[in-house]
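Kindly return the folded structure for what I paste below:
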Amino acid sequence: MKDLNNSRHLSPSRGDLMHQIINENTPVELYDGVYYKRDDLFQPFGMHGMNGSKVRQAIELVRINYDHIVEKCHGTVITHTQVHSTTGTILAQVAKAFGLKCVICVGGCKEETLDRHYMMRLAKYLGAEIRIVCGTGMHGPVLSKLKNIVDTEGFFNAVYSANVDKFSEAILDLTTEQVENLPDMLTNLVIPVGSGIQMAGILRGLTKYEKYVENIYGLCIGPDRRTRIDYFVNPLEYPVPSYNMIELKTKYANPAREFYGGGRLDELYEAKAYKWMMDNVDLDNEKTLFWVVGRRLFEDEVLENYDLT
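Modelled structure (predicted):
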């Protein structure tokens, strides 16, 4: 992987990202007898920049569509997000590196309260235009408003789920390839699940690389995503391995605080799945791997490394 991690946070050029090798495997590390797939160590913007598999997906999606975005979409990409989420901020940082404009749709907040959410402040710092498109932050209404903007203003729709079928090489295949360096003969594989796209890519990889896992656990931070995951896997090409889908009884926006040998875990996703693993898996006697999809920048980290004033 090209090493761009030589400062607090970086602004690699379009050329850097156009030629960066983004499909090199991130490491698997062992701490206290548990394996961790460290996809959070994909850090093209430095150790205090946006990281993880969603960054890899955004880079590839923009890279393969760059000419179209510039020539047909007014040089602008658009997505939607919740105010606590990293999704919009990731696209903002990628768009900035490519010299593109970024629009982020949100709902359920007001202009005067938007800056209370540090991820939104960081997205604006990175050049994004944030539009409050409806009175609710629920996925369906916000996505509907986003589609209207795409239809009327012609921006490139960079929502991951909208690009799974057409650009699977960006949205699914890059995650699929990350399975290659997983240890063989795992007893347990524990995966935090949001939209289900990352888990779908992992399941495809288990089939492609013939990785046998006795128990696969998808820990849903939100609704059950089994139907969506099975569709994304594409069972005609990749037979879906048997897996367990577990809905964690926690609200998405309620943070959890957990640490492991690699540091502090993402407080909205990984930390919640990690706690479940610690409470429910026999880590002393079973070969277990925990998949770290990414790590959001924590508020104190953002304020220390970015001038958001």
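
alpha carbons only for contacts and neighbour counts from here, please
Noted.

so how far is residue 309 from residue 160?
31 Å (Cα to Cα, to the nearest Å).

More neighbours: which of these two?
residue 160 (21 against 6; other Cα atoms under 10 Å).

Any figure for the gap between the residue nearest to the more buried one when sequence neighbours are not counted and residue 202?
Once flanking residues are discounted, residue 160 sits nearest to residue 171: 6.5 Å by Cα to Cα, 6 or more residues apart in numbering. Noted for residue 171: a distance of 12 Å to residue 202, by Cα to Cα.

So between the two, which is more surrounded?
Neighbour totals were compared for residue 171 and residue 202, and residue 171 leads with 29 against 23 (other Cα under 10 Å).

any idea of the pLDDT on the residue nearest to residue 160?
You'll see residue 171 listed with a pLDDT of 95.

Kindly report the same for residue 10.
52.

Could you number the chain from 29 rather than 1 from now on?
Let's use 29 as the start, then, which means that last one is residue 38.

so what's residue 327 up against?
Neighbouring residues of residue 327 by Cα atoms under 8 Å, 6 or more residues apart in numbering: residue 146.

From residue 51, how far out is it?
Note on residue 327: its distance to residue 51, by Cα to Cα, is 29 Å.

Ok, residue 193 next?
Distance from residue 193 to residue 51, counting by Cα to Cα: 20 Å.

Neighbour count: those two, which is higher?
Per other Cα under 10 Å, whichever of residue 193 and residue 51 has more neighbours is residue 51, with 16 against 13.

was I right about the more buried one contacting residue 205?
Yes. Residue 51 lies in contact with residue 205 (Cα atoms under 8 Å); the separation is 7.1 Å.

Need the overlap of contacts for these two.
Shared contacts of residue 51 and residue 205 (Cα under 8 Å, 6+ apart): none.

Contacts only, for residue 168.
Residue 168 neighbours (Cα under 8 Å, 6+ apart): none.

now do residue 106
Residues near residue 106 by Cα under 8 Å, 6+ apart: 130-133, 174, 178, 183-187.

out of those residues, which are inside strands?
Among those, the ones falling in strands (DSSP state E) are 130-133, 184-185.

quick check, residue 58 in a strand?
Yes. Under DSSP: H, G, I helix; E, B strand; the rest coil, residue 58 sits within a strand.
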